[in-house]
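Enquirer: Using only what follows, build the 3D model:
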Amino acid sequence: MKNLSATRNIGISAHIDSGKTTLSERILYYSGVIHKIEEVRGGGSGATMDFMDLEKEKGITITSAATTVYWKDNKINIIDTPGHVDFTVEVERALRVLDSAIMILCAVAGVQSQSITVDRQMKRYRVPRLVFINKMDRVGADPFKAIRDLKEKLGHNAVAMQIPIGSEDDFCGVVDLITMKALYNDGKKGELIVEKEIPPELIDLAKEKRADLLECVSMYNDQLMEDLLEEREIGEQLIYDAVLAGVKSLKLTPVYMGSAFKNKSVQPLLDAICRFLPSPVTAEPTIARDAKDESKTITLVPDKDKPLVCMAFKITDEQFGQLTHVRIYQGTMRKGMNIYNTRTGKKIRVGRLVRMHSDARANIESASAGDIIAMIGVDCASGDTFCDENISVSLESMFIAQPVISLAVTCKDTSAVDRMSKALSRFMKEDPTFRVQTDPESGETIISGMGELHLEIYVERMMREYKVPIEVGAPQVSYREAINQTASFDYTHKKQTGGSGQYACVMGSIEPVNYDDPEAKSFEFNNQIKGGSIPSEYIGACEAGFKDVMAEGPLAAFPMVGIKVNLVDGKYHDVDSSDMAFRICARQAIKQAVRKAGCQLLEPVMKVEVETPSEYQGSIIGDLSSRRGVIGKTEVRDEITVITVTVPLSEMFGYSTIMRSLTQGKATFSMEFDRYVACPRHIQEVVIEARKEKLKEDA
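Expert: As a prediction, this is how the structure comes out:
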């Protein structure tokens, strides 16, 4: 399709179990890509976008999947993302390269904990979005409560574009508030949209909600506001133009509703995607930095004839080479052409290009600006920028959260050690939130990730895909250390051993910074050197020396966070000073300052949301309180109570088993990293003592 303005790049994101993959399946069916609807759970071969065996077995999305559909002369590239917070990097990297998104809310639960996380990610990348309130067929469905949640909890200027016809089991369609027509689904699988007059009992509500809609969107179109004030007839196109302007400005969130599982009202959402979400041409321009001079920025133009600029946002190692998912921002990529990785400076020849449909792929000869495709056999890292020989720029990479939980894994079968090593290397390359390291004292292999499920999936994949008999140790919490107060340093490093020696002197201070902010930098370096008291060529060595100490704190050898180093003054020697001298000096100086400042142990605290039948509310709250949980709020939705609480991660291991026994298996919970907080004194002493014992054993 040559017309780029008819292309949409969208992501589908939501809290776990809100119906993302079910909606994706209906979109594929109604657009003619598939001819049979499969469900996420139960029977059949599983939903199209959940292609991994583990996804089909567990009924959850683990990895994001891309596909392309065509709807009424529009091409829509879709990425279906996981809802579980353990796989949040999949959402992060999808939103980084997409022009817009669909946020799905459950009509009963409204805005849930992961909805808040997804919304924060969308705001980070300034992604315009529509909201689809799903599961309108469920008991207790209330779309207007979900809209209130959007306004109150997420701060959205949310406006209903439809009202439901019937509710719960009687939900049968929607009223379009712009055309003022009732829309019903007909046919075996709801493939036909039938337009009728609004049912008489809904006319007053429709008029009321339409007035709210017009008042809300009139802010984005002067002509519409004028017509509204003059009480003139308002044309449909004027409303469409106003909604389009509001969505593009990120100040308006149109809300649609339906039931993907019951095949209701999915097509009107597709119409809205094509009508209101931006194309690569109308989306906010992408800014790149000159690879040679980072102070210079370049605005990329979605033009197929411009020099090529694209970004690798997801990689998967496969039997026949690496599969690299790429978003093309500018220019055209052709099979056989040479491209350059601006991070490594290496020239790469483009071999095979494919268009993805979940795990299936179709060979293509070329792709141009605005497209999302994949390359096969190109070695690179997630977040790398590729250009042709006529331009050299780099694109800002995505935000990567730090892992909070670790496991020790061992393989007793020596013949399988190589396979385990291969598997770990692959997973670490594919998933930036999955880390592997070797404990220097014990020699154990430590894997780290975002949660118990995250690591459990990778352990299971090693067993299945690589046939590695893995033994797993007890979960380990990723504690951190932080300083208590500001402290100064003044350290001189001198060494004379005949010939040129070593000389360096650094002065300054360290101060604690916001370690409780999950997105804050763990280390900040503030160079205040004036007058050349330390030559500029040694400043990098000083920073490296300060950073060296961050790997192990003085309390229990956990990594340090939340330190700002101010380098104020220093001295050097024309002959004896060197990079190594200043690095050693900086290392000793910060050790001196940390001792003065005093340290405290920090523990990761998780934000937990439990949904339980109200009869078990007391038991759940009592158990969470005994785990040092701080209850945030409880909210009753019909017979379900939603409890939001912050709990230290160390207290949450095995919680799902306890929760099931307390509620006869009727409760569910979600958990995500919230922040680091100072450990209570008695917990700190226990952790430090246990750490000393472990280090002693390993020695």
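
Enquirer: With adjacent residues omitted, what lies nearest to F399?
Expert: Take F399 and drop its neighbours on the chain: the residue closest to it by CB to CB, 6 or more residues apart in numbering is E92, 6.0 Å away. From N, CA and C alone the C-beta is placed, and that goes for glycine too.

Enquirer: Over to S249?
Expert: Of all residues not flanking S249 in the chain, Y220 sits nearest, at 6.9 Å (CB to CB, 6+ apart).

Enquirer: Run a quick neighbour tally on the one you found.
Expert: Y220 has 19 neighbouring residues, counting by other CB atoms under 10 Å.

Enquirer: So it sits against L252, correct?
Expert: Yes - using CB atoms under 8 Å, Y220 is in contact with L252, at 6.6 Å.

Enquirer: what residues are shared contacts of the two?
Expert: Overlap of the contact sets of Y220 and L252 (by CB atoms under 8 Å, 6 or more residues apart in numbering) consists of 243, 246.

Enquirer: quick one: what helix or strand has the residue nearest to F399 in it?
Expert: According to DSSP states H and E, E92 maps onto helix 88-97.

Enquirer: Not counting that helix itself, show me its contacts.
Expert: By CB under 8 Å, 6+ apart, the residues outside helix 88-97 that reach it are 9, 11, 13, 63-64, 79, 81-82, 101, 117-118, 121-122, 124-125, 127, 311, 313-314, 327, 372, 382-383, 397-401, 431-433, 450, 672.

Enquirer: And stretch 512-530, by the same measure?
Expert: With contact meaning CB under 8 Å, 6+ apart, stretch 512-530 is reached by 399, 401-402, 480, 482-486, 508, 539, 543, 546-547, 550, 559-570, 597, 602, 673-677.

Enquirer: quick one: low-confidence parts of the stretch 501-650 of the chain?
Expert: 516-520, 638 (pLDDT under 70).

Enquirer: Tell me where it has helices.
Expert: Using DSSP state H, counting those that start in this stretch, the helices of the stretch 501-650 of the chain run over residues 539-548, 579-597, 617-626.

Enquirer: How far away from the center of its chain is the last one?
Expert: Centroid separation for helix 617-626 versus its chain: 30 Å, with CA atoms, centre = their mean, to the nearest Å.

Enquirer: for that helix, which positions count as buried?
Expert: Neighbour-count burial for helix 617-626, counted by 16 or more other CB atoms under 10 Å, picks out 617, 620-621, 623-624.

Enquirer: That one packs against which elements?
Expert: Where contact means 3 or more CB pairs under 8 Å, 6 or more residues apart in numbering; DSSP states H and E, helix 617-626 is packed against strand 599-613, strand 630-637, strand 640-648, helix 655-662.

Enquirer: Only the buried residues of the second one, if you could.
Expert: Buried residues in strand 630-637, counted by 16+ other CB under 10 Å: T634.

Enquirer: Neighbouring strands of it in the sheet, and parallel or not?
Expert: Here strand 630-637 is paired, per DSSP bridges, with strand 640-648 (antiparallel).

Enquirer: What lies in contact with the strand it pairs with?
Expert: The set of residues external to strand 640-648 that reach it, using CB under 8 Å, 6+ apart, is 108-109, 112-113, 140, 603-614, 617, 620-621, 624, 627-636, 674, 677.

Enquirer: where's the closest residue to I328 other than its chain neighbours relative to L395, distance?
Expert: Distance criterion CB to CB, 6+ apart; nearest residue to I328, sequence neighbours excluded, is C310 at 4.3 Å. Look at C310 and L395: by CB to CB, to the nearest Å, they are 9 Å apart.

Enquirer: which residues are common contacts for the two?
Expert: What both C310 and L395 touch, as defined by CB under 8 Å, 6+ apart, is the set 329, 385.

Enquirer: burial of R681, as a residue count?
Expert: Quick note: R681 (other CB under 10 Å) scores 9 neighbours.

Enquirer: give the contact list for T342.
Expert: T342 makes contact with 291, 384-387, 392-394 under the criterion CB under 8 Å, 6+ apart.

Enquirer: pretty sure S279 is in a helix, no?
Expert: No - read with DSSP: H, G, I helix; E, B strand; the rest coil, S279 is coil and lies in no helix.

Enquirer: Next up, the contacts around it.
Expert: Neighbouring residues of S279 by CB under 8 Å, 6+ apart: 4-8, 99, 370.

Enquirer: what's the closest of those residues to D305?
Expert: Using CB to CB, L4 comes nearest to D305 of the contacts of S279, at 11.9 Å.

Enquirer: Now do the phi/psi pair for that closest one.
Expert: Backbone torsions for L4, taken as degrees, to the nearest 10, come to phi -70, psi -30.

Enquirer: That one reaches G370, doesn't it?
Expert: Yes - at 5.0 Å, L4 counts as touching G370 under the criterion of CB under 8 Å.

Enquirer: okay, those two: which has more neighbours?
Expert: Neighbour totals were compared for L4 and G370, and G370 leads with 24 against 18 (other CB under 10 Å).

Enquirer: Verify the stated contact: the more buried one with T7.
Expert: Yes - using CB under 8 Å, G370 is in contact with T7, at 5.0 Å.

Enquirer: Find residues that contact each of the two.
Expert: Shared contacts of G370 and T7, defined by CB under 8 Å, 6+ apart, comprise 279-280.

Enquirer: quick one: the strands in the stretch 301-450 of the chain?
Expert: 309-318, 321-330, 332-334, 338-341, 347-349, 352-357, 360-364, 366-368, 372-376, 385-387, 393-394, 405-411, 435-438, 445-449 (DSSP state E, counting those that start in this stretch).

Enquirer: Of all those strands, which one is nearest Q588?
Expert: Of those, nearest to Q588 by CB to CB is strand 435-438, at 25.5 Å.

Enquirer: Which neighbouring elements make contact with the closest one?
Expert: Of the remaining helices and strands, those touching strand 435-438 by 3+ CB pairs under 8 Å, 6+ apart are helix 417-430, strand 445-449.

Enquirer: most packed of these?
Expert: Per residue and on average, the most neighbours among these fall to strand 445-449, with a mean of 21 (mean count of other CB atoms under 10 Å).

Enquirer: just checking, what packs against the helix or strand just after that one?
Expert: Per DSSP H and E, the first helix or strand lying C-terminal to strand 445-449 is helix 452-465. If you count contacts as 3+ CB pairs under 8 Å, 6+ apart, helix 452-465 packs onto helix 53-58, strand 405-411, helix 417-430, strand 445-449, strand 470-472.

Enquirer: What ranges in the stretch 351-500 of the chain fall below the confidence cut-off?
Expert: Across the stretch 351-500 of the chain (using pLDDT under 70), the flagged ranges come out as 440-443, 497-499.

Enquirer: quick check, S670 in a strand?
Expert: Yes - counting by three-state DSSP, S670 is located in a strand.

Enquirer: Going by neighbour count, which residues of the helix holding E92 are buried?
Expert: Buried residues in helix 88-97 (16+ other CB under 10 Å): 88-97.

Enquirer: now stretch 540-559
Expert: For stretch 540-559, using 16+ other CB under 10 Å, the buried residues are 541-543, 545-547, 549-550, 553, 555-559.

Enquirer: quick one: terminal-to-terminal distance for that stretch?
Expert: One end of stretch 540-559 sits 21 Å from the other (CA to CA, to the nearest Å).

Enquirer: Any buried residues in stretch 587-601, and which?
Expert: Using 16+ other CB under 10 Å as the test for burial, stretch 587-601 gives 587-590, 592-594, 597, 599-601.
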